[in-house]
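> Got a predicted model here, sequence first, then my questions.
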Amino acid sequence: MLTIGKDKVENYILVSLEGQVDASNSVELDESIKEVIDEGNKYILVDASALDYISSAGLGVFMSYLDDFEEQSIQFIIFGLSEKVSNVFHILGLDQLITIKTTKEEALQVIHES
Amino acid sequence: MLKFPNINIGKIILLVTILTWLGLLFVDLLRLFGTVNRMQLGIANEITWTLEIIFFILVYLFCNRSIERSENSDFIHFIWRAASTGLIVIAAAIVIRLFYLVLDDTRLSTDPLLANFFYHINFGLTTIFLISCGLIWKKLILYQKSKTSVQQWQIFEVMLLVSMFFVYFNQNTFTFTFLFGLVFLLLFGVIISVNLKWIPYLTFKDKWKSILFFTIILITTSFLFMQALSYQSAYDEINLMDNLFLMGLFGFVFVYSLFSFLVTLFNLPTSSVFEQKLTEAINFQKLSQSIQPGQSETQVLDILLDSCMSASYADAAWLELSNGSSEEVQILHQRFITNKDRKDIRELMVKTKPFSDFMHTNGLIKSEYISGPTEHDLYKSVLIVPIKVNRDLIGYTILLKEVKNGFNKEMLNIINTFVGQASISVENHRLLNEAIKNERYKEELKIAQRVQSSLLPSVLHHNEDFDIVGFSEAADEVGGDYYETYQFNEHRFGLIIGDVSGKGTSAAFNMAQMKGIFNSLVQLDLSPKEFLSQANSALSRCLAKNHFITTTYYLIDTEARTIQFSRAGHCPTLYFDSHSGQADFVKLEGLGLAILRNKKFPQYLHEKTIHYHPADVLLMYTDGIVEAKNLENEEYGYDRLKEVLNKHHLLTAPQIKEKVIESMHEFLGGASLPDDDFSLMVLKFTPEH
């Protein structure tokens, strides 16, 4: 089960993920991210504090937009990862390519600084 | 052994019957001769009667046999048999009369012996006619057997048998007992004559035929009866006809023929309705059975259109299939209507209400059909029934009649039933096809499974300094895990373990690509970091955008006692160090292959070298193991894996492998299977002795 919420706040958009991302629903995640990019958002914050699990298919979704983020100079920040999920990002090395912060405040800080 | 010659019982019965008849004739002639010449020959009446009874029984046996053996069980065939027998008997009687006419007033015409001879011929033929009729009526009465009707018939047969012997009792005189017996037989004959259930099954044409045949039978019966009575008065001495059996049979044959005649006659006007219902029932059956393997939907719809037309007496019809959402329709079957008329009517439909509304609510049809008048020159009324399969509209059946208000409620009901049944048939057909297709896919997957299992090595390269085993299990038929080894020389080896993102078929294809890349790059004898960089650039070109592969590549040198490796996003290697006596995950930064598809990739890679000791264990695995979840949604995790190795490091490589799998299955609790592919490779360096 995966619930994706979207909340447009001031100058950024907050995407919140709840539940699990696996092969069966990674398409939903993909569509949501594609949508927020197409909307022209330059600051995308992903609240993953309620994300229990992410499979390789889910990681593939984030990975596939890395180029888009760079080309369109989009700030993409994930925050609130549980230790377990964070470890998955770390093992794959994806934390080196995506900005990952512990709290929302830290994430907002990044936006303000830029 | 004694061999019986092949005896034809029918022929024997026939022969015996004729002999009996000749015997009867001879005896009676003798008796008459005696009477005429006033001589007392001492021949008792009982001999005549006995011969007569034997004759009756033989005729019964013969007729019964010949009717039972007849292959044609058609009613009309039976009735014709009775009628034709009647015609022959009448013809014989007429020939005899003509013969007497020719004789005119010669002495021979008054000769009692000759008259007696012809009397016997008439008697024999009458008996044959009556008994064969009686047996045919039996067939008709017992067409739809019930316990009561069979019992009634058996009682009647016994009564007839008894009546044969009545002659001994009343000495062949007309008494009240005779009359009583006759009335009794007749009443019973009337009771069993109400069994006329075969009549509705006759077609209209057959009914006319049977009316004609029954007329012949009735005339024959009446004629023979009159003839029997007239003989009786002329020759008192020899009286064969005035027999309770024959008289009773006369009555029964006549009554049943009369009933059948009248009922058939009155059934004529309604017979077309019965025929129609029967056709409908057969059509319905055809529709429900029409989907056999090899038959197509078109054939079902063909039967449907014919059935609907015959049920509603439609003058013309067509069946069109709608192709999805487009306005374009495909005309599948067309009956008795020109293309021009069809197009005209179709245009009229689209223009006029309520048809236009009906046909425009694509897929959202509430009512099951629509019928009404049209303004077409030829066709005055139209009925449109949509055909729905699995709630989707697939087309329309359009029926046309040249009369106004041509479709009544009964027709609509039956047509709706037909359409419903056809829809079910089509749906079943589609489901069947799908099932066949799925079965084929399963077969294909099995092949894929075989191919893939051959991609994983069955034997891994090693030398006496270490032992190595591998294991892999896919969650689906095929998986995306991969491991392999390579031997550069006596003491140098290359090892790889990898996990393709996702699972199932797409993962399996990518895994095959990875194997190809490994086998080409490994020969270049590159450093682990260089190897993975090259692999990344190769995979970047061939993997889909959202796919990646995690892998770790190891170089083992048993001479230098080193393990040199680099990790590309794969699960950290678990290493048991026999010096410290502790298993631990080796920390090393890295990045999965094909995640970063540019030249920056190598900067995320790192290399590490381990100097191993004898009895050290290297455990390589994929995330399917650590992420395996039990029923409580708890992951197997890294700690459990480490624990197993700590506990069993003294065992051999295959044993350690078994322990890991065992521990995992134990954790999963048997019932659930891992929902991801999982693999592991255990390498154990040979301990010092």
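Sure thing, it's come through. Numbers count the residues shown, from 1 in each chain, chains lettered A, B, ... in the order given.

> use CA for all of it now, contacts and neighbours both
Fine.

> So which residues of the stretch 351-500 of chain B form strands?
B:370-373, B:381-389, B:392-401, B:466-473, B:481-487, B:492-500 (DSSP state E, counting those that start in this stretch).

> Just tell me which of those ends up closest to chain A.
Chain A lies closest to strand B:492-500 among these, at 8.4 Å (Cα to the nearest Cα).

> got the CA coordinates for the following helix or strand past the closest one in CSV?
Sequence order places helix B:504-521 as the next helix or strand after strand B:492-500, per DSSP states H and E. Extracted as CSV, the C-alpha positions of helix B:504-521 are listed here (Å, rounded to 0.1, in the frame of the first residue of the first chain):
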residue,chain,number,x,y,z
GLY,B,504,10.5,-11.3,-12.9
THR,B,505,11.0,-11.3,-16.7
SER,B,506,12.5,-7.9,-17.2
ALA,B,507,15.0,-8.5,-14.4
ALA,B,508,15.9,-11.8,-16.0
PHE,B,509,16.7,-10.2,-19.3
ASN,B,510,18.9,-7.6,-17.6
MET,B,511,20.6,-10.4,-15.7
ALA,B,512,21.5,-12.1,-19.0
GLN,B,513,23.0,-8.8,-20.2
MET,B,514,25.0,-8.6,-17.1
LYS,B,515,26.4,-12.1,-17.6
GLY,B,516,27.4,-11.1,-21.1
ILE,B,517,29.2,-8.0,-19.8
PHE,B,518,30.9,-10.0,-17.1
ASN,B,519,32.2,-12.6,-19.5
SER,B,520,33.6,-10.0,-21.9
LEU,B,521,35.2,-7.7,-19.3
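
> Which elements pack onto helix B:504-521?
helix B:409-455, strand B:481-487, strand B:492-500, helix B:528-542 (3 or more Cα pairs under 8 Å, 6 or more residues apart in numbering or on different chains; DSSP states H and E).

> tell me the contacts of the residue of chain B found nearest chain A?
As assessed by Cα to the nearest Cα, chain A sits closest to residue B:569 within chain B, at 3.7 Å. Each residue near residue B:569 by Cα atoms under 8 Å, 6 or more residues apart in numbering or on different chains is listed here: A:91-93, B:549-552, B:589-593.

> May I see the buried residues of the helix ranked longest in chain A?
Ranked by residue count under DSSP state H, the longest helix found in chain A is helix A:26-38. For helix A:26-38, a neighbour-count test (16 or more other Cα atoms under 10 Å in any protein chain shown) marks A:26, A:28-30, A:32-33, A:36-37 as buried.

> export the residues you listed to TSV and tack on distance to chain B?
As requested, these are exported to TSV (distance: Cα to the nearest Cα, whole Å):
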residue	distance to chain B
A:26	10
A:28	14
A:29	12
A:30	10
A:32	15
A:33	13
A:36	18
A:37	16
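
> Quick check: of those, which lies closest to residue B:656?
When these are compared for distance to residue B:656 (Cα to Cα), residue A:26 comes out closest, at 35.7 Å.

> in what helix or strand does the nearest residue to the closest one once chain neighbours are set aside lie?
Spatially, and ignoring its direct neighbours in sequence, residue A:26 is nearest to residue A:58 (5.2 Å; Cα to Cα, 6 or more residues apart in numbering or on different chains). Take DSSP H and E as the rule and residue A:58 turns out to sit in helix A:56-64.

> now that helix: mean pLDDT?
Summarised as a single mean, pLDDT over helix A:56-64 is 90.

> the inter-axis angle of it versus strand B:492-500?
Comparing the axes of helix A:56-64 and strand B:492-500 via axes from the mean of the first three to the mean of the last three Cα atoms, to 10 degrees yields an angle of 90 degrees.

> Give me the packing partners of helix A:56-64, helices and strands only.
helix A:26-38.

> Show me what the helix it packs on is in contact with.
A:4, A:13, A:21, A:44, A:57-58, A:61-62.

> of all those, which two lie farthest apart?
Greatest spacing in the contacts of helix A:26-38, by Cα to Cα: A:13 and A:57 (23.5 Å).

> Which secondary structure state is assigned to the residue most central in space within chain A?
By Cα atoms, centre = their mean, chain A has its centre lying nearest to residue A:46, at 4.0 Å. Following DSSP: H, G, I helix; E, B strand; the rest coil, the label given to residue A:46 is strand.

> those helices in chain A, which residues are they?
Using DSSP H, helices in chain A cover A:26-38, A:56-64, A:66-71, A:83-92, A:104-113.

> For the fourth one, give the mean pLDDT please.
Right, the one you point to is helix A:83-92. Mean per-residue pLDDT for helix A:83-92: 93.

> hmm, back to that, and the strands of the stretch 351-500 of chain B, which one's lowest on average pLDDT?
Ranked by mean pLDDT, the strands of the stretch 351-500 of chain B bottom out at strand B:370-373, with a mean of 81.

> Kindly spell out which helices and strands sit in contact with that one.
Counting by 3+ Cα pairs under 8 Å, 6+ apart, strand B:370-373 packs on strand B:381-389.

> okay, the angle between the strand it packs on and helix B:409-455?
Orientation check (the same axes, to 10 degrees): strand B:381-389 against helix B:409-455 gives 30 degrees.

> Let me see the domain layout of chain B.
B:73-269, B:274-433, B:456-685 (automatic domain parsing).

> Out of those, which gets the lowest mean score?
domain B:274-433 (a mean of 81).

> What is the end-to-end distance of that domain?
38 Å (Cα to Cα, to the nearest Å).

> For that domain, what is the distance to the chain centroid?
Centroid separation between domain B:274-433 and its chain, computed with Cα atoms, centre = their mean, to the nearest Å, is 25 Å.

> One more: stretch B:129-142?
With Cα atoms, centre = their mean as the basis, stretch B:129-142 stands 39 Å off its chain's centre.

> Alpha carbons only: can I get that stretch in PDB?
The C-alpha coordinates for stretch B:129-142 follow below in PDB (Å, rounded to 0.1, in the frame of the first residue of the first chain):
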ATOM      1  CA  PHE B 129     -54.700 -56.700 -40.200                       C
ATOM      2  CA  LEU B 130     -56.300 -56.500 -36.800                       C
ATOM      3  CA  ILE B 131     -53.400 -57.900 -34.900                       C
ATOM      4  CA  SER B 132     -50.800 -55.900 -36.700                       C
ATOM      5  CA  CYS B 133     -52.900 -52.700 -36.100                       C
ATOM      6  CA  GLY B 134     -53.200 -53.600 -32.500                       C
ATOM      7  CA  LEU B 135     -49.500 -54.000 -32.100                       C
ATOM      8  CA  ILE B 136     -48.800 -50.700 -33.900                       C
ATOM      9  CA  TRP B 137     -51.300 -49.000 -31.600                       C
ATOM     10  CA  LYS B 138     -49.400 -50.500 -28.700                       C
ATOM     11  CA  LYS B 139     -46.200 -48.800 -30.000                       C
ATOM     12  CA  LEU B 140     -48.100 -45.500 -30.200                       C
ATOM     13  CA  ILE B 141     -49.800 -45.800 -26.900                       C
ATOM     14  CA  LEU B 142     -46.500 -46.600 -25.100                       C
END
